[in-house]
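Peer 1: give the three-dimensional model of this entry:
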Amino acid sequence: MARARTLFRAGQDEAVLALGVVADRMPDGPDKGQVMRLIGLAALRLNDTDEARRWLAPACDLLGADDTAATIALGGACLGAGALEQAEAAFRDALGRTPMAVGAAIGLARTLETRGDAPGALSAWRRAMAALVALTPAQSDGWMLGLPASVTRPPLEDQARVAESAGDPAAAAALRHRLRAVFPDGEAAEAVAAPAAPAPGPADTGPLVEITGGQDPHDLMDRARDADAHGRPETALALVRDAGRLAVHAPGPPDDDRTALALEAAEFLRTRGETMQATALLDALLEHRPADPPVLHAHGVARRAAGDDGAALAAIEAVRDRLADTDHGPLLALWAVLLEDRDRLDEAAALSERAIAAAPGAPSSWQTLARVADHAGDTDRALAACHGALIRDPALAWAHDRIARVLESRNQLDPAMAHARRAVAVAEAADPDGPETRRARLALAHGLLKRGDWAEGWAAYEARPGVPLRPEIGVPAPAWTGDMLEARRLLIRSERTGLIDEVMGLRLAPAAVRRAGGVPVLEVDPRLMPLVARAEPDATVVAAADPPDPALHDPAIGAQAPVGSLARLIGPDPGAGVTAAPTLAADDAWAMALRASYLAEADARTILVGLCWAPQSARPRPDRLIPVEAWAPLASVPGVRFVPLRPDGSGADMERFTALAGIDVLTAADEGDAFRDDAPNEDGPGETSPSDPDDMDALAARIAAMDAVVTIDGLVAHLAGAMAVPSIVVLAHAADWRWGLEGPRSVWYPAVTLARQPVPGDWATPMHRTAAALGRYRAAALAGRAAE
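Peer 2: Predicted coordinates for the structure are as follows:
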C-alpha cells in the first residue's frame, strides 16, 4: 500500500500499473481497494480508460461509500471510454453521497452534454457552480466577484433554500455567509432568509441541489411534484432522479413502499423523455425484485420505449415459472405483445386471454387478442375479441376496423362496409385526420374498390400512407387536377410505400400523360428505374430520394400527382385507362442470354414457365398460402421447364419444393454465365446475384425470358403483368382488393389470367385449371415458333 502511494505521488504510473499482479493476490478489504484505486488512477493519467475501469470498478465495490473520489474517478474512466450510461450512474452515485462534489457535478455535466441532453447538462453545470461557489475559500472572493451574478447567485440561493427546507440551519447559514461575501448588496442574503416556495412560471432556474445526507426519498418526491406543478421541470427531474436512486439503493432490499416510490420515479422520468434514466433505475430495482409483476411491467414498458424489446422479454421469461398464476393484467398484456412481435402467436393469444380475464374492461388486451388471432389466421377468434371489446365500449374504432378487414377478407363486403363506415365515423369524431381515421378510411376504400365502387373507393383511397405528398420535399409544382397542362410537363410522384403499389399505379401513367399532354417526369423507386426507363424512353425518369432529384424542380413542370391518385384523377374505372402495353421492360440482351441458358440441351418443343410458389412477406395471410403439395398437378404438363422466380428463394427451399410437389425446377447453376459480371446487359448491371431480393432488374430479366409465368399473389404477379408476359395468378377465395371480387380477368394487367379458389381451402380446382391453361400456353407458343 505504501509503495503504491509513493510511486503514484512520484508520477511513476507505469510502475503503479505493474503492481496489479500484487493487488490481485491481496485479500479483499480496504487496503486492496486503495491499491486498486491508485492503479486505476494511474491508468487514467496514462489515458488508458479501459484499464482504469478494470481497476476502479472493483475498487469502488471494496471501498463502498467511504471513497467518493474513487466513484468519481470511475465515472471519468467510463466517460473517457464512451460508456456514458455507466458514467452517469457513477457521477450521480457520488453526488448522492457527497452533494458538494464539484468533480462529480462537472463529470455529470460533460456526460449529459455528450449524450445530447442539453437541459440536463445545464442543470449539472449549475450544480457544479453552486458547489464551487460554496466551497471557495474566503480569500478567493475577489476572483468570484469577476463572475456575473446571473450565473452564480441563483444556484447558491437554490441550495440555501434546500438546506433551510431540509432542516439544516447550519448549512443554510454557511451559504448565506457565502452569498454576502460574494454579493455584498444584501439582496441575496435576504432572498434566502426563510424558505419560500418557487413562484409559478415557465422558466426553470435549475434543480434544487441536495447538500445534506440521509435524505428521505418521499420528501424528495413531494418536492419534485411541487416543482413540476410550479413550472420547474428541470428541478423536478433532478429531485426525481435522486428520489428514485435513494428508494432503490438505500440499505436493505426495497420494500413495497420504496418499490412503489421507485416505480413512480421511473414513470415520471420515462414520460418526460428520460428513457435511459428510467431504464437504469428499473434495471436496478429488478435486481431486488425480479418476479414482481408491477416492476416487470414498468421495466418492459421502459425497455420497449428504448427500442430494446429483447431485454424486456428476457426479464419476463427469466421468471416465467413464477408468473404462472399472476393476474397482473398490464404485465400479461405486455408479455403478449412482445411474443406477438416474435410470431409466437399461440402463446401471445393465451396470454391475451389471461389479461382479459384479469381486467375485462381493458380494451388493449382485447385489441391484442384480435390482432394476434387475425395474424394467426384464426379470424373467428379475432371477430369474437372485437365484439367482446365493443360490448364494453361501442365507440372503439379499432374494433370496427378489424371486423371490417376480417369480413372483407371473407368477401362478406356488405357487413364489412357497414363496420368500416362505423369505424370512420367514430375515428373522425375523435380526430378528423388522425392515424386511426386514415386507417379506417383505407379499410373502407379497399372494400369499395374490391366490389368495383370506383368513385367512392378512390376518394377514400386518398387516406393511404404518403398522401398528401410529403411537405418536406419542397417540389414547387401544384397538384394536378386531371386537366390538360398546355405545353407544361406532368410530374408523377413515387409515394415510396411499396413496389406493388407503384407498379400498379404506373399502369395508368400513359393515360395520365395523354390527358395532361407533353413529356412526363416519372419519379420511381430506385429499384424500378431501369425497368421504367426502358418502357418509357421519352420520359424523364428519376429515382425517388430525399432531397428530391433536381429534375423535379424543372420550371417546365406544370403539375404533380402521386402515382396512387392517378385512378381517381383520370378514372374512375381503371379498366378504361390501363394500357395493354408493357409499362416495365427488362434488358432484352440479358433476357435472351438467360433464355439460351435455360433452354440449353432442351427439346425444341420445350417452353419455359417461371414459377413463384411462396410470398416474400414475413407475415403473409395464412389463407393465401398454398401448400407445396398442391402444386403437383403442374408436374403433369409435358414439355415444360420450370424456372424459380422467388426473389429470395434459397437452394434448400427449392429442394423442399421439388421433393414435395414433384416438380423439377432449375437452379442458379443452370443459368450458366448469364449472371456473371460480364453478362450481356446494356445497362452494365455489374456483378449480381439472381437471388438478390432487391435486384428487380435481374428478376425482370428472368421473367422476360419466360414463355409464361405461374405465381401466387405477390410482387412477381405484378411485375409479370406490367411486363405483359402471359401469366396465371393463383388466388385464394377472398383475394386482395386489387384482383376484384370474381372473374378470370384483371383490370390492371390484360395479360394476366386469374385462377381463383371456388371455396376457401380448395386449391385443387385452381391448380388443375392452371395445369390445363399451361397446356394451352404451350400449344400457342409452339404455334408461334412454327410461324416464325
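Peer 1: low-confidence stretches in the stretch 501-650 of the chain?
Peer 2: For the stretch 501-650 of the chain, the stretches flagged by pLDDT under 70 are 616-620, 647-650.
Peer 1: and if we set it to 50?
Peer 2: Applying pLDDT under 50 to the stretch 501-650 of the chain flags residues 618.
Peer 1: just to check, residue 630 is in contact with residue 765?
Peer 2: No: at 10.3 Å, residue 630 and residue 765 do not qualify as touching, with contact defined as Cβ atoms under 8 Å. For glycine as for every other residue, the C-beta is placed from the backbone atoms N, C-alpha and C.
Peer 1: ok, these two, which is more surrounded?
Peer 2: residue 630 (18 against 13; other Cβ atoms under 10 Å).
Peer 1: could you measure from the residue lying closest to that one once chain neighbours are set aside over to residue 104?
Peer 2: The shortest distance from residue 630 to any non-neighbouring residue, by Cβ to Cβ, 6 or more residues apart in numbering, is to residue 763 (4.0 Å). Between residue 763 and residue 104 the computed distance is 69 Å (Cβ to Cβ, to the nearest Å).
Peer 1: just to revisit the earlier point, and for the residue nearest to residue 630, the neighbour number?
Peer 2: Neighbours of residue 763 (other Cβ under 10 Å): 19.
Peer 1: what helix or strand is residue 123 on?
Peer 2: helix 118-135 (DSSP states H and E).
Peer 1: can I get that helix as PDB, trimmed to CA atoms?
Peer 2: Extracted in PDB, the C-alpha atoms of helix 118-135 (Å, rounded to 0.1, in the frame of the first residue of the first chain):
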ATOM      1  CA  ALA A 118     -28.600  19.800 -23.200                       C
ATOM      2  CA  PRO A 119     -31.200  20.700 -20.400                       C
ATOM      3  CA  GLY A 120     -29.800  18.100 -18.100                       C
ATOM      4  CA  ALA A 121     -26.200  19.200 -18.800                       C
ATOM      5  CA  LEU A 122     -27.100  22.800 -18.000                       C
ATOM      6  CA  SER A 123     -28.600  21.700 -14.700                       C
ATOM      7  CA  ALA A 124     -25.500  19.800 -13.800                       C
ATOM      8  CA  TRP A 125     -23.300  22.800 -14.700                       C
ATOM      9  CA  ARG A 126     -25.400  25.000 -12.400                       C
ATOM     10  CA  ARG A 127     -25.000  22.300  -9.700                       C
ATOM     11  CA  ALA A 128     -21.200  22.400 -10.100                       C
ATOM     12  CA  MET A 129     -21.200  26.200 -10.000                       C
ATOM     13  CA  ALA A 130     -23.200  26.200  -6.800                       C
ATOM     14  CA  ALA A 131     -20.800  23.700  -5.100                       C
ATOM     15  CA  LEU A 132     -17.800  25.600  -6.400                       C
ATOM     16  CA  VAL A 133     -19.000  28.900  -5.000                       C
ATOM     17  CA  ALA A 134     -19.900  27.400  -1.600                       C
ATOM     18  CA  LEU A 135     -16.500  25.700  -1.200                       C
END
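Peer 1: switch to numbering from 36
Peer 2: New numbering, starting at 36: the last item is helix 153-170.
Peer 1: please enumerate the strands of the stretch 686-823 of the chain.
Peer 2: For the stretch 686-823 of the chain, the strands defined by DSSP state E, counting those that start in this stretch cover 743-747, 762-766, 787-791.
Peer 1: can you put the ones you listed in JSON lines and add mean neighbour count and mean pLDDT?
Peer 2: Listed next are those as JSON lines, based on neighbours: other Cβ atoms under 10 Å; pLDDT from 0 to 100:
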{"stretch": "strand 743-747", "mean neighbour count": "25", "mean pLDDT": "96"}
{"stretch": "strand 762-766", "mean neighbour count": "25", "mean pLDDT": "97"}
{"stretch": "strand 787-791", "mean neighbour count": "21", "mean pLDDT": "97"}
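Peer 1: now these as a markdown table including distance to residue 163?
Peer 2: Shown next, in a markdown table, are the strands of the stretch 686-823 of the chain (distance: least, Cβ to Cβ, whole Å):
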| stretch | distance to residue 163 |
| --- | --- |
| strand 743-747 | 65 |
| strand 762-766 | 69 |
| strand 787-791 | 71 |
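Peer 1: indicate which one of those strands is closest to residue 88.
Peer 2: Closest of these to residue 88 is strand 743-747, at 55.0 Å (criterion: Cβ to Cβ).
Peer 1: helices and strands around that closest one, which ones?
Peer 2: strand 642-647, helix 750-757, strand 762-766, helix 799-822 (3 or more Cβ pairs under 8 Å, 6 or more residues apart in numbering; DSSP states H and E).
Peer 1: deepest-packed of those, please.
Peer 2: Greatest average neighbour count among the helices and strands packed on strand 743-747 goes to helix 750-757 (a mean of 27), per mean count of other Cβ atoms under 10 Å.
Peer 1: which strands and helices sit next to it?
Peer 2: Here helix 750-757 touches helix 534-540, strand 642-647, helix 731-739, strand 743-747, strand 762-766, strand 787-791, going by 3+ Cβ pairs under 8 Å, 6+ apart.
Peer 1: which one of the ones you listed lies nearest to residue 435?
Peer 2: Of all these, helix 534-540 comes closest under Cβ to Cβ, at 24.8 Å.
Peer 1: need the contact partners of that closest one.
Peer 2: By Cβ atoms under 8 Å, 6 or more residues apart in numbering, the residues outside helix 534-540 that reach it are 529-530, 559-560, 562-563, 598-599, 601-602, 618-619, 731, 749-750, 753-754, 757, 773, 783.
Peer 1: returning to that earlier point: gap between the helix holding residue 158 and the chain center?
Peer 2: 36 Å (Cα atoms, centre = their mean, to the nearest Å).
Peer 1: ends of stretch 74-92, what's the gap?
Peer 2: This stretch, stretch 74-92, spans 11 Å end to end (Cα to Cα, to the nearest Å).
Peer 1: my bad, stretch 282-295
Peer 2: Stretch 282-295: ends 9 Å apart by Cα to Cα.
Peer 1: where do the helices of the stretch 536-685 of the chain begin and end?
Peer 2: Taking DSSP state H, counting those that start in this stretch, the helices of the stretch 536-685 of the chain run over residues 544-551, 564-570, 601-605, 623-634.
Peer 1: packing partners of the third one?
Peer 2: Counting by 3+ Cβ pairs under 8 Å, 6+ apart, the packing neighbours recorded for helix 601-605 are helix 489-496, helix 544-551.
Peer 1: equivalent analysis for the longest one, please.
Peer 2: Taking 3+ Cβ pairs under 8 Å, 6+ apart as contact, the helices and strands that helix 623-634 lies on are strand 642-647, strand 675-679, helix 731-739.
Peer 1: do you know which of the ones you listed lies nearest residue 266?
Peer 2: helix 731-739 (55.7 Å).
Peer 1: and the closest one, C-alpha only, in PDB?
Peer 2: The C-alpha trace of helix 731-739 is given here as PDB (Å, rounded to 0.1, in the frame of the first residue of the first chain):
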ATOM      1  CA  MET A 731     -35.600  -6.000 -59.800                       C
ATOM      2  CA  ASP A 732     -33.600  -5.800 -63.000                       C
ATOM      3  CA  ALA A 733     -32.300  -9.300 -62.600                       C
ATOM      4  CA  LEU A 734     -35.800 -10.600 -61.700                       C
ATOM      5  CA  ALA A 735     -37.300  -8.800 -64.700                       C
ATOM      6  CA  ALA A 736     -34.700 -10.400 -67.000                       C
ATOM      7  CA  ARG A 737     -35.800 -13.800 -65.700                       C
ATOM      8  CA  ILE A 738     -39.500 -13.100 -66.200                       C
ATOM      9  CA  ALA A 739     -38.900 -11.700 -69.700                       C
END
